[in-house]
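K.L.:
Got a sequence here, can you model it:
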Amino acid sequence: MIRKLLFASLVLALSSCTAPDSSKVNSLEYEVYSLKSRVKDLEDQLNLIVVKYNNSLPKGKKKSSGTSLSAGQSYGSNSDNETQSGFVGECTAITRKGTRCLRKARSNGLCWQHGG
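P.N.:
Next comes the predicted model:
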C-alpha cells in the first residue's frame, strides 16, 4: 500500500513539472536574433561614418594619433605609416556585402579596386 502511495505521489510530482513554455523560448530567440541584427546594422552605419569622416580629411594633412576612430587602423594619407610599397593599413571601403574591405590600402586609404 505504501509503495502504491509513493508511486502515485511520484507520478503526480513528475507530471506537475513542466518544460519551459515554448512560446517564451521562441520569443526570446527572436529577440536575440533581432538584437544581433540591430548590432550588425549599427556597426555597418558606424563603418560608413568612419569612411565618410576619413574621406573628408584634406589630402596630405597628417592626422594626429589622438583622432583615430579605430585603434590600430590607419586612414587617410599618413606618410609616417606608409611602407616602401606604397600601402597603408587596410582599405576603408565598405563592400556590397556590407563589411569592410580587407585589401591593403594606398595612401588615400583605399585599395586598388575602390579607387586607391
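K.L.:
how far away is residue 108 from residue 57?
P.N.:
In this view, residue 108 and residue 57 are 10 Å apart by C-beta to C-beta, to the nearest Å. Yep, even glycine has a C-beta here, placed from its N, CA and C like the rest.
K.L.:
Could you do residue 28 as well?
P.N.:
For residue 28, the distance to residue 57 - C-beta to C-beta - is 44 Å.
K.L.:
Tell me the spacing between residue 33 and residue 27.
P.N.:
Residue 33 is 11 Å from residue 27, by C-beta to C-beta.
K.L.:
Now the longest helix belonging to the chain: buried residues?
P.N.:
Across the chain, the helix with the greatest residue count (assigned by DSSP state H) is helix 22-56. Using 16 or more other C-beta atoms under 10 Å as the test for burial, helix 22-56 gives 47, 50, 51, 54.
K.L.:
between the residues you listed, which is nearest residue 8?
P.N.:
residue 47 (63.9 Å; C-beta to C-beta).
K.L.:
Quick check: closest non-adjacent residue to residue 102.
P.N.:
Distances taken as C-beta to C-beta, 6 or more residues apart in numbering place residue 90 nearest to residue 102, at 5.9 Å, with adjacent residues excluded.
K.L.:
actually residue 44, not the one I typed
P.N.:
residue 98 (5.1 Å).
K.L.:
Check which helix or strand the one you found maps to.
P.N.:
Under the criterion DSSP states H and E, no helix or strand holds residue 98.
K.L.:
wait, isn't it in contact with residue 42?
P.N.:
No - with contact defined as C-beta atoms under 8 Å, residue 98 does not count as touching residue 42 (11.9 Å).
K.L.:
Brilliant, that's me finished.
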